[in-house]
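Engineer: pasting the sequence and the predicted model now:
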Amino acid sequence: MDNAIYATLARQSGLMQEMQTVANNIANVSTTGFRREGVIFSEHVADLEGQQESLSMAFAHGRNINTAQGPLAATGGTFDFAIEGEGYFMIETPQGNQLTRAGSFTPSPEGELVTPDGYRLLDNGGGPIFVPPDAKTISLAQDGTLSADGNLLSQVGVYLPSDPNGLVHTGGTRFSIEAGAEPAEGATLLQGYVEESNVNPVSEITRMIEVQRAYEMGQTFLDREDERIRSVISTLSR
(Lines give C-alpha, C1' and ligand atoms only; values in the text may rest on other atoms or scores of the structure.)
Protein backbone atom coordinates (compact mmCIF):
# COMPACT_ATOMS: atom_id res chain seq x y z
CA MET A 1 0.00 0.00 0.00
CA ASP A 2 1.21 3.54 -0.77
CA ASN A 3 2.84 5.38 2.15
CA ALA A 4 0.45 8.31 1.72
CA ILE A 5 -2.48 5.98 2.28
CA TYR A 6 -0.90 4.58 5.44
CA ALA A 7 -0.37 8.08 6.82
CA THR A 8 -3.90 9.17 5.92
CA LEU A 9 -5.48 6.09 7.52
CA ALA A 10 -3.56 6.74 10.75
CA ARG A 11 -4.74 10.36 10.63
CA GLN A 12 -8.35 9.32 10.02
CA SER A 13 -8.26 6.93 12.97
CA GLY A 14 -6.98 9.71 15.26
CA LEU A 15 -9.58 12.17 14.00
CA MET A 16 -12.33 9.63 14.68
CA GLN A 17 -11.13 9.25 18.27
CA GLU A 18 -11.03 13.01 18.69
CA MET A 19 -14.56 13.32 17.30
CA GLN A 20 -15.78 10.76 19.84
CA THR A 21 -14.04 12.65 22.64
CA VAL A 22 -15.54 16.00 21.59
CA ALA A 23 -18.99 14.41 21.33
CA ASN A 24 -18.60 13.00 24.85
CA ASN A 25 -17.60 16.46 26.13
CA ILE A 26 -20.71 18.02 24.59
CA ALA A 27 -22.92 15.27 26.00
CA ASN A 28 -21.60 16.06 29.51
CA VAL A 29 -21.80 19.85 29.32
CA SER A 30 -24.42 19.76 32.12
CA THR A 31 -22.88 16.93 34.18
CA THR A 32 -21.85 18.03 37.66
CA GLY A 33 -18.10 17.76 38.20
CA PHE A 34 -17.30 16.63 34.65
CA ARG A 35 -13.81 17.34 33.32
CA ARG A 36 -13.25 18.15 29.65
CA GLU A 37 -11.00 15.75 27.76
CA GLY A 38 -8.80 16.16 24.72
CA VAL A 39 -6.91 13.71 22.51
CA ILE A 40 -3.11 13.56 22.63
CA PHE A 41 -1.37 12.94 19.30
CA SER A 42 2.17 11.62 18.94
CA GLU A 43 4.27 11.75 15.79
CA HIS A 44 6.42 8.85 14.58
CA VAL A 45 9.05 9.37 11.90
CA ALA A 46 10.37 6.29 10.09
CA ASP A 47 13.61 6.28 8.09
CA LEU A 48 12.80 4.45 4.88
CA GLU A 49 15.46 2.47 3.05
CA GLY A 50 16.95 3.61 -0.20
CA GLN A 51 16.53 7.08 -1.63
CA GLN A 52 12.98 7.55 -0.29
CA GLU A 53 12.16 10.37 2.08
CA SER A 54 11.29 9.62 5.70
CA LEU A 55 7.68 8.80 6.56
CA SER A 56 5.92 10.78 9.31
CA MET A 57 2.76 9.37 10.90
CA ALA A 58 0.64 10.67 13.79
CA PHE A 59 -1.28 8.51 16.24
CA ALA A 60 -3.86 9.33 18.91
CA HIS A 61 -2.51 7.41 21.88
CA GLY A 62 -4.17 8.98 24.92
CA ARG A 63 -6.43 11.58 26.44
CA ASN A 64 -5.63 14.78 28.27
CA ILE A 65 -7.86 15.81 31.19
CA ASN A 66 -8.56 19.52 31.61
CA THR A 67 -8.38 20.25 35.35
CA ALA A 68 -9.54 23.89 35.14
CA GLN A 69 -12.07 24.98 37.76
CA GLY A 70 -15.68 24.77 36.61
CA PRO A 71 -18.32 27.33 37.63
CA LEU A 72 -19.99 26.85 41.02
CA ALA A 73 -23.76 26.58 41.20
CA ALA A 74 -25.73 27.25 44.38
CA THR A 75 -28.15 24.44 45.26
CA GLY A 76 -28.79 25.01 48.96
CA GLY A 77 -28.49 21.24 49.50
CA THR A 78 -27.19 20.20 52.90
CA PHE A 79 -24.97 17.51 51.44
CA ASP A 80 -23.96 19.31 48.26
CA PHE A 81 -20.27 20.17 48.54
CA ALA A 82 -17.97 21.99 46.12
CA ILE A 83 -14.19 22.34 46.07
CA GLU A 84 -12.83 25.78 45.28
CA GLY A 85 -9.25 25.30 44.15
CA GLU A 86 -7.25 22.18 43.46
CA GLY A 87 -8.21 18.77 44.79
CA TYR A 88 -10.75 15.99 44.53
CA PHE A 89 -13.14 14.11 46.76
CA MET A 90 -12.13 10.52 47.34
CA ILE A 91 -14.77 7.82 47.06
CA GLU A 92 -14.69 4.09 47.69
CA THR A 93 -15.61 1.93 44.68
CA PRO A 94 -15.40 -1.81 43.90
CA GLN A 95 -12.40 -0.96 41.68
CA GLY A 96 -10.59 0.78 44.53
CA ASN A 97 -10.53 4.36 45.79
CA GLN A 98 -11.16 6.92 43.06
CA LEU A 99 -11.26 10.72 42.77
CA THR A 100 -14.13 12.96 41.67
CA ARG A 101 -15.12 16.62 41.61
CA ALA A 102 -18.84 15.77 41.68
CA GLY A 103 -19.88 16.77 45.20
CA SER A 104 -23.53 15.78 45.42
CA PHE A 105 -23.92 13.30 48.30
CA THR A 106 -26.71 11.81 50.39
CA PRO A 107 -26.88 9.75 53.60
CA SER A 108 -27.26 6.01 53.03
CA PRO A 109 -29.65 3.87 55.14
CA GLU A 110 -26.63 3.20 57.37
CA GLY A 111 -26.03 6.94 57.78
CA GLU A 112 -22.89 7.11 55.62
CA LEU A 113 -22.48 9.84 52.99
CA VAL A 114 -22.53 8.29 49.52
CA THR A 115 -22.60 9.37 45.88
CA PRO A 116 -25.72 8.89 43.71
CA ASP A 117 -24.11 5.57 42.64
CA GLY A 118 -23.86 4.43 46.25
CA TYR A 119 -20.08 4.87 46.65
CA ARG A 120 -18.95 6.07 50.09
CA LEU A 121 -17.33 9.48 50.55
CA LEU A 122 -14.06 9.22 52.50
CA ASP A 123 -12.63 11.57 55.11
CA ASN A 124 -9.06 12.86 55.35
CA GLY A 125 -8.05 9.58 57.00
CA GLY A 126 -9.54 7.38 54.32
CA GLY A 127 -12.56 6.29 56.35
CA PRO A 128 -16.31 6.66 55.66
CA ILE A 129 -18.23 9.66 56.98
CA PHE A 130 -21.19 8.90 59.25
CA VAL A 131 -24.03 11.39 59.80
CA PRO A 132 -26.48 10.82 62.71
CA PRO A 133 -29.99 10.33 61.30
CA ASP A 134 -31.51 12.50 64.03
CA ALA A 135 -29.19 15.47 63.45
CA LYS A 136 -31.08 18.71 62.89
CA THR A 137 -28.28 20.95 61.61
CA ILE A 138 -25.38 19.83 59.43
CA SER A 139 -22.63 22.35 58.74
CA LEU A 140 -19.46 22.18 56.68
CA ALA A 141 -16.54 24.49 57.42
CA GLN A 142 -14.30 25.74 54.63
CA ASP A 143 -11.52 23.42 55.77
CA GLY A 144 -13.83 20.41 55.34
CA THR A 145 -14.78 19.98 59.00
CA LEU A 146 -18.27 18.48 59.16
CA SER A 147 -20.44 19.05 62.24
CA ALA A 148 -23.89 17.97 63.38
CA ASP A 149 -25.75 20.18 65.87
CA GLY A 150 -22.40 21.73 66.83
CA ASN A 151 -20.67 18.39 67.40
CA LEU A 152 -17.66 17.47 65.28
CA LEU A 153 -18.27 14.49 63.00
CA SER A 154 -15.34 14.26 60.62
CA GLN A 155 -13.29 16.17 58.07
CA VAL A 156 -14.11 15.66 54.41
CA GLY A 157 -10.97 14.57 52.59
CA VAL A 158 -9.59 16.57 49.67
CA TYR A 159 -6.86 14.82 47.71
CA LEU A 160 -4.51 15.34 44.79
CA PRO A 161 -3.03 12.54 42.65
CA SER A 162 0.62 11.86 43.47
CA ASP A 163 1.34 11.97 39.74
CA PRO A 164 -0.29 15.08 38.18
CA ASN A 165 -0.53 13.21 34.87
CA GLY A 166 -1.71 9.99 36.48
CA LEU A 167 -5.46 10.63 36.37
CA VAL A 168 -7.26 7.98 34.31
CA HIS A 169 -10.89 8.56 33.41
CA THR A 170 -12.83 5.43 34.39
CA GLY A 171 -16.32 6.63 33.52
CA GLY A 172 -18.69 9.44 34.35
CA THR A 173 -16.90 11.86 36.68
CA ARG A 174 -14.61 9.31 38.34
CA PHE A 175 -10.84 8.97 37.96
CA SER A 176 -8.59 6.13 39.06
CA ILE A 177 -5.35 6.90 40.89
CA GLU A 178 -2.92 4.06 40.22
CA ALA A 179 0.01 6.17 41.48
CA GLY A 180 -1.85 7.02 44.70
CA ALA A 181 -3.05 10.32 46.14
CA GLU A 182 -2.06 12.70 48.89
CA PRO A 183 -3.96 15.35 50.90
CA ALA A 184 -4.42 18.66 49.11
CA GLU A 185 -3.50 21.93 50.75
CA GLY A 186 -5.21 25.28 50.34
CA ALA A 187 -8.52 23.99 48.97
CA THR A 188 -11.76 25.58 50.19
CA LEU A 189 -14.96 23.56 50.60
CA LEU A 190 -18.38 25.15 50.21
CA GLN A 191 -21.68 23.74 51.44
CA GLY A 192 -24.81 24.12 49.35
CA TYR A 193 -22.86 24.36 46.08
CA VAL A 194 -21.81 21.97 43.34
CA GLU A 195 -19.20 22.44 40.65
CA GLU A 196 -20.57 22.36 37.14
CA SER A 197 -18.86 20.89 34.08
CA ASN A 198 -15.84 22.84 32.84
CA VAL A 199 -16.80 22.15 29.20
CA ASN A 200 -17.29 25.24 27.01
CA PRO A 201 -20.01 24.17 24.55
CA VAL A 202 -19.17 26.88 22.00
CA SER A 203 -15.50 25.91 21.73
CA GLU A 204 -16.42 22.20 21.62
CA ILE A 205 -18.87 22.68 18.76
CA THR A 206 -16.26 24.75 16.91
CA ARG A 207 -13.71 21.99 17.42
CA MET A 208 -16.20 19.38 16.22
CA ILE A 209 -16.70 21.28 12.97
CA GLU A 210 -12.92 21.53 12.48
CA VAL A 211 -12.41 17.81 13.08
CA GLN A 212 -15.29 16.90 10.79
CA ARG A 213 -13.87 19.00 7.95
CA ALA A 214 -10.42 17.52 8.43
CA TYR A 215 -11.89 14.01 8.36
CA GLU A 216 -13.85 14.76 5.18
CA MET A 217 -10.67 16.04 3.49
CA GLY A 218 -8.87 12.83 4.39
CA GLN A 219 -11.76 10.73 3.13
CA THR A 220 -11.77 12.64 -0.16
CA PHE A 221 -8.06 11.91 -0.58
CA LEU A 222 -8.59 8.19 0.09
CA ASP A 223 -11.45 8.04 -2.42
CA ARG A 224 -9.30 9.67 -5.09
CA GLU A 225 -6.39 7.33 -4.34
CA ASP A 226 -8.74 4.37 -4.63
CA GLU A 227 -9.94 5.60 -8.01
CA ARG A 228 -6.34 6.15 -9.17
CA ILE A 229 -5.24 2.66 -8.15
CA ARG A 230 -8.28 1.07 -9.79
CA SER A 231 -7.60 3.01 -12.98
CA VAL A 232 -3.94 1.87 -13.03
CA ILE A 233 -4.91 -1.74 -12.47
CA SER A 234 -7.55 -1.57 -15.16
CA THR A 235 -5.09 -0.04 -17.65
CA LEU A 236 -2.33 -2.55 -16.96
CA SER A 237 -4.66 -5.55 -17.16
CA ARG A 238 -5.79 -4.79 -20.71
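Structural biologist: On my side now, so go ahead.
Engineer: how close does residue 72 sit to residue 133?
Structural biologist: The gap separating residue 72 from residue 133 is 29 Å, by Cβ to Cβ, to the nearest Å. Yep, even glycine has a C-beta here, placed from its N, CA and C like the rest.
Engineer: which strand or helix spans the spatially most central residue of the chain?
Structural biologist: The centroid of the chain falls nearest to residue 35 when counting by Cα atoms, centre = their mean (4.5 Å). For residue 35, there is no host helix or strand (DSSP states H and E).
Engineer: ok, the spatially closest residue to it that is not a sequence neighbour - contacts?
Structural biologist: Take residue 35 and drop its neighbours on the chain: the residue closest to it by Cβ to Cβ, 6 or more residues apart in numbering is residue 65, 5.2 Å away. If you count contacts by Cβ atoms under 8 Å, 6 or more residues apart in numbering, residue 65 has them with 35, 36, 37, 167, 169, 175.
Engineer: tally of neighbours for the nearest residue to the third one once chain neighbours are set aside?
Structural biologist: Meaning residue 37. Closest residue to residue 37 apart from its sequence neighbours, by Cβ to Cβ, 6+ apart: residue 63 at 4.8 Å. Residue 63: 16 surrounding residues under other Cβ atoms under 10 Å.
Engineer: again with residue 93
Structural biologist: Other residues near residue 93 number 16, with proximity taken as other Cβ under 10 Å.
Engineer: per-residue pLDDT, the nearest residue to it once chain neighbours are set aside?
Structural biologist: Among residues not flanking residue 93 along the chain, residue 119 sits closest, at 5.0 Å (Cβ to Cβ, 6+ apart). In the prediction, the pLDDT value recorded for residue 119 is 95.
Engineer: for the one 5 residues further on, same thing?
Structural biologist: We note a pLDDT of 91 for residue 124 in this prediction.
Engineer: and for residue 68?
Structural biologist: The confidence metric pLDDT takes the value 91 at residue 68.
Engineer: check contacts around it.
Structural biologist: Residues counted as contacts of residue 68 (Cβ under 8 Å, 6+ apart) are 36, 198.
Engineer: looking at residue 72 and residue 133, which is more packed in?
Structural biologist: residue 72 (15 against 9).
Engineer: name every strand pairing with the helix or strand residue 154 falls within and say which way it goes.
Structural biologist: Using DSSP H and E, the secondary-structure element containing residue 154 is strand 151-155. Sheet neighbours of strand 151-155, with direction, are listed as strand 145-148 (antiparallel) (DSSP bridges).
Engineer: and the helices in the protein, which stretches?
Structural biologist: Along the chain, counting by DSSP state H, helices occupy 3-27, 201-236.
Engineer: helix or strand with the lowest mean pLDDT in the protein?
Structural biologist: The helix or strand of the chain with the poorest confidence is strand 55-65; it has a mean of 66 (mean pLDDT, DSSP states H and E).
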